[in-house]
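In: Got a predicted structure here, sequence first:
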Amino acid sequence: MKKLLSLALATALLGIAAHDGQAQIKKYTLPEIVTEADGAVFGQIVAKRVFRVDDPVDGPELYFTTITVQGRLLDDETTVSMDLTYNGGFIDDEHGVWNSEAPSAADTKIGNQIIAFFKWQDNIGGGVSANAIVAMHGGLYRTASGGSRPVVLGRGAGYAIERNVSVSNLEKSIRQVRGTKKR
């Protein structure tokens, strides 16, 4: 009986500790992510690389993935080629780290057409400065051909883009939030 009581007490304490230390992923509406981001890019992933940083403050073996996107900004249609970086990735089968919040390998495959919300960060870890993807996987969306116009694939409740929407309608919504006009 004493052993059972100890086990029950330990389980209860573990449950309380787990509840208090529970991680929370931020849910974004489109206006929230647009307001937080420096911008949004629509384009094709043309390159992808993973690199490692050993930092005296943040620690050794920090891995980051950078994708290069060629396309245009949705705010003002400026043509860009830009690097976007996020935490996690693998250099090879043995060297790297998984990050549950990072965009998936399928989402960041070279050749994919995407929409990504980005924000400049002076330090995303290990002293690395980069245009980071806002909300990690929640800030990157694949697109598909939708007849005569591309469509952003929505990701469901809690994501900034919940439902499929044409890129042109997304642009209008972003400009409306930012209060900018098309050139």
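Out: That came through, no problem. No experiment lies behind these values; they were computed from the predicted model shown.

In: Please state the mean pLDDT value computed over stretch 83-94.
Out: Mean pLDDT, stretch 83-94: 97.

In: What residues of it count as buried?
Out: L84, T85, Y86, N87, G88, G89 (16 or more other CB atoms under 10 Å). Where C-beta positions appear, they are placed from N, C-alpha and C, glycine not excepted.

In: Report the buried residues of stretch 153-170.
Out: L153, R155, Y159, A160, I161, V165, S166, V167, L170.

In: Same list, the buried residues of stretch 83-94, but as CSV with distance to G126 and secondary structure please.
Out: Shown next, in CSV, are the buried residues of stretch 83-94 (distance: CB to CB, whole Å; DSSP: H, G, I helix; E, B strand; the rest coil):
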residue, distance to G126, secondary structure
L84, 17, strand
T85, 11, strand
Y86, 13, strand
N87, 9, strand
G88, 12, coil
G89, 13, strand
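
In: Would you confirm that G154 contacts R163?
Out: Yes. At 4.0 Å, G154 counts as touching R163 under the criterion of CB atoms under 8 Å.

In: hmm, back to that, now, the buried residues of stretch 153-170 that are in strands?
Out: V165, S166 (DSSP state E).

In: can you put the buried residues of stretch 153-170 in TSV and add distance to D55?
Out: As requested, these are exported to TSV (distance: CB to CB, whole Å):
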residue	distance to D55
L153	36
R155	32
Y159	31
A160	31
I161	34
V165	39
S166	42
V167	38
L170	37
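
In: and which of the buried residues of stretch 153-170 is nearest to P103?
Out: The closest of the buried residues of stretch 153-170 to P103 turns out to be R155 (CB to CB; 11.2 Å).

In: residues contacting the closest one?
Out: G138, Y141, I161, E162 (CB atoms under 8 Å, 6 or more residues apart in numbering).

In: pLDDT value on the closest residue in space to S129 that isn't next to it in sequence, please?
Out: Of all residues beyond its chain neighbours, the one nearest S129 is D122 (5.3 Å), with distances taken as CB to CB, 6 or more residues apart in numbering. We have a pLDDT of 98 for D122.
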